[in-house]
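**Q** Just a sequence and a predicted model for now, questions to come.
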Amino acid sequence: MNTSLLQALVLWRKDRAQREGVDLFRILSNRSLEEIARKLPQTKEELIQISGIKQKKYAQYGRDIIKMVQDAHTKDSSREENVRKEKEGEEEREETYRDVESVGDFIDRTNKTLGSLESRVRGEISSIQWRKSCVYFTLKDTKEEASLSCFMWATDVSLCGVSLQEGMEIIASGFPEVYKPIGKMTFRIAVVEPVGEGALKMAYEALKKKFETEGLFDEQRKRDLPFLPTRIGIITSRDGAVIHDFLNNIGKHGFHFEFCNSRVEGQMAVKDLIASLQTLRHRDLDALVIMRGGGSAESLQAFNNEALIREALKVPFPIISAIGHHQDVPLLSLVADRMVSTPTAAALALNTSWEECAMLVMQREHRLFSMFGEKLVFLGKEIDRQHRYFRDKMDFIFDRFRMVQSMLDRCVLFVEKTITQKKQFLEETKNTLILLFRNTSITKQTMIARCKQLLEAYDPKRQLKLGYAFVKKENGSFVKSVDDVGKDDKIEIIVYDGSVRAVCISKDKE
């Protein structure tokens, strides 16, 4: 592992965290720094393979990290080259100065050790000098001759909401650091807060008046909690008792919680609270609950911070402030859409619309069953009425059916009787016709016999058998008179068994 690179990365991380006003781990974790110092990535692809570094982190810090790695690599290469060149003949000297380090390395190692000595120091401000992005001042001890050079980023000053002035007594939270170019130790401050309840009270009243002038406390500006909220954001400390009180009293209504663990004690909590608000502000939530128990004015100072309140005003959904207090109400509670004093009250506020809805459902259920019962009674009476109506109609139909059935029975009997009569008549008629036919047949047979006798008596062929003959002319006409035949006419003489053809030679008329 490249120790000098790791030290450079640690210092760089502190500087970036101060500039951005966030905790160290939000820049990069210790594990990521150690992995960089061990693997020495010099390209984007190699750096992205480091745990904790993705595209977003690379876009923010990638160039700085790669440059530090390349510088360290160049430095190491130069060192190796120098060592290789001076190796011969300098082994004894190298043994003598094995534990000697450069001034820069010593300062880096010292700052690494000092960085872990975070402290809270109380003193009076003097010799304040403002720069474009930072402020320098001296913190003096009010009881003895002692002073401390201090440095603070301007963004951290504005975040604390404290107007630094000569002679002001403050409590400064930070860590010591040696400024490498001049070797001077300064106290790098992250948070400042005024000393004494009087100073806090004055700052509280001044900021409260400012907010009142802006109309931030107006009830018309505040938003109502949504009906039946489900997605709830929570900002508090996971180690406190308030979160347990809240969860023990929240109803089982299908809530989904987005939790942000944050400091809630003193001015040091401002950064955590602002970071939590920025995180949850972009979530799809119905309401946000900020909670902590009661405490002194100093412990609640973070909730009177202007930067925090300005950040809370950007939240697009209602905020419930459940911050306990003894005297002055925290300004965040006055600006919040709903102010309660305990986590239990915050849980009950979220339960209200659900409980009202449950009560409304019970009322509607009772009303529905009542209406349903009345409807059943009405429908029962209507069914009885319809039953009687259909029963009367069916009786009428059955009566008509029985009447029609009786008529049909009579008709059937009539038809049956008529058919029997007609059958009998037909039978008699048949017998009569048969008898008549027999009589008529006998009569006709007798007549036929007589006609046969007459036909036989008048049959011409019978005459021909007696010797008579028929004479026909050539044109087929019968000769009935002598005048019908002329001389030389051809004639045909028909006898019983044939015919004779002849020519008339002469004719004689009797």
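**A** Now that the structure is in, tell me what you want to look at. Nothing here was measured: the structure is a model prediction, and the numbers come from that model.

**Q** all helices of the stretch 351-500 of the chain, in order?
**A** 460-465 (DSSP state H, counting those that start in this stretch).

**Q** which residues of it score low on pLDDT?
**A** Judged against pLDDT under 70, the stretch 351-500 of the chain has no low-scoring part.

**Q** so where's the stretch 101-250 of the chain shaky on pLDDT?
**A** Ranges of the stretch 101-250 of the chain meeting pLDDT under 70: 196-199.

**Q** switch the cut-off to 90
**A** By pLDDT under 90, the weakly predicted segments of the stretch 101-250 of the chain are 101-136, 138-149, 153-186, 188-222, 227-228, 237-250.

**Q** Mind jotting down where the helices sit in it?
**A** With DSSP H, counting those that start in this stretch as the criterion, the stretch 101-250 of the chain has helices at 103-114, 154-160, 197-214, 242-249.

**Q** Which of those helices sits closest to Asp328?
**A** Closest of those to Asp328 is helix 197-214, at 6.0 Å (criterion: CB to CB). C-betas here are computed from N, CA, C, even on glycine.

**Q** Out of the helices of the stretch 101-250 of the chain, which one sits most buried?
**A** Counting by mean count of other CB atoms under 10 Å, helix 154-160 has the highest mean neighbour count of the helices of the stretch 101-250 of the chain, with a mean of 18.

**Q** Contacts for that helix, please.
**A** Residues outside helix 154-160 that contact it (CB atoms under 8 Å, 6 or more residues apart in numbering): 18-19, 21, 130-135, 164, 189-193, 267, 270-271, 274, 305, 307.

**Q** Is it possible to mark the buried ones in those?
**A** Those of the contacts of helix 154-160 that meet the buried threshold are 18, 21, 134-135, 164, 189-193, 267, 270-271, 274, 305, 307, by 16 or more other CB atoms under 10 Å.

**Q** ok, so of those, who is nearest Glu474?
**A** Top of the list for closeness to Glu474, among these and by CB to CB, is Ile274 at 156.9 Å.

**Q** backbone phi and psi for the closest one, please?
**A** Backbone geometry at Ile274, expressed as degrees, to the nearest 10, gives phi -70, psi -40.

**Q** Checking my notes, Met291 in a helix, right?
**A** No - counting by DSSP: H, G, I helix; E, B strand; the rest coil, Met291 is not part of a helix but strand.

**Q** Would you mind measuring from it to Arg338?
**A** 12 Å (CB to CB, to the nearest Å).

**Q** Looking at these two, which one has more neighbours?
**A** More crowded of Met291 and Arg338, by other CB atoms under 10 Å: Met291, with 24 against 20.

**Q** my guess is Cys504 contacts Ile491, does it?
**A** Yes - between Cys504 and Ile491 there is a contact under CB atoms under 8 Å: 6.1 Å.

**Q** hey, what's in contact with both of these two?
**A** Listed as contacting both Cys504 and Ile491 by CB under 8 Å, 6+ apart are Val485.

**Q** Wait, Glu46 touches Lys39, no?
**A** Yes - look at Glu46 against Lys39 with CB under 8 Å: they come within range, at 7.2 Å.

**Q** Break the protein down into its domains, please.
**A** Following automatic domain parsing, one finds the domains of the chain at 3-100, 110-195, 200-450, 463-503.

**Q** Now render those domains as CSV, adding distance to Lys509.
**A** CSV is the format used below for these (distance: least, CB to CB, whole Å):
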stretch, distance to Lys509
domain 3-100, 161
domain 110-195, 180
domain 200-450, 40
domain 463-503, 5
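
**Q** who wins for proximity to Glu456 among those?
**A** Closest approach to Glu456 among these (CB to CB): domain 200-450, 10.6 Å.

**Q** which other helices and strands contact the helix or strand containing Leu33?
**A** According to DSSP states H and E, Leu33 maps onto helix 30-39. Packing partners of helix 30-39 (3 or more CB pairs under 8 Å, 6 or more residues apart in numbering; DSSP states H and E): helix 3-20.

**Q** 10 Å - rerun?
**A** In terms of contacts (3 or more CB pairs under 10 Å, 6 or more residues apart in numbering; DSSP states H and E), helix 30-39 is packed against helix 3-20, helix 24-27, helix 44-48, helix 55-86.

**Q** now, of those, which is deepest in the fold?
**A** Across the helices and strands packed on helix 30-39, the average number of neighbours (mean count of other CB under 10 Å) peaks for helix 3-20, which reaches a mean of 18.

**Q** so how far is it from its chain's centroid?
**A** On the basis of CA atoms, centre = their mean, to the nearest Å, helix 3-20 sits 45 Å off its chain's mean C-alpha point.

**Q** how much does it deviate in direction from helix 103-114?
**A** Angle, helix 3-20 to helix 103-114, by axes from the mean of the first three to the mean of the last three CA atoms, to 10 degrees: 60 degrees.

**Q** So which other helices or strands are in contact with helix 3-20?
**A** Applying 3+ CB pairs under 10 Å, 6+ apart, one finds that helix 3-20 contacts helix 24-27, helix 30-39, helix 55-86, helix 103-114, strand 147-153, helix 154-160, strand 169-179, strand 184-194.

**Q** Just tell me which of the ones you listed ends up closest to Thr418.
**A** helix 55-86 (110.0 Å).

**Q** Am I right that Ser299 is in a strand?
**A** No - going by three-state DSSP, the assignment for Ser299 is coil, not a strand.

**Q** Let me see the contact set for it.
**A** 264-267, 269, 292-293 (CB atoms under 10 Å, 6 or more residues apart in numbering).

**Q** Look up how far Leu332 lies from it.
**A** Ser299 is 14 Å from Leu332, by CB to CB.
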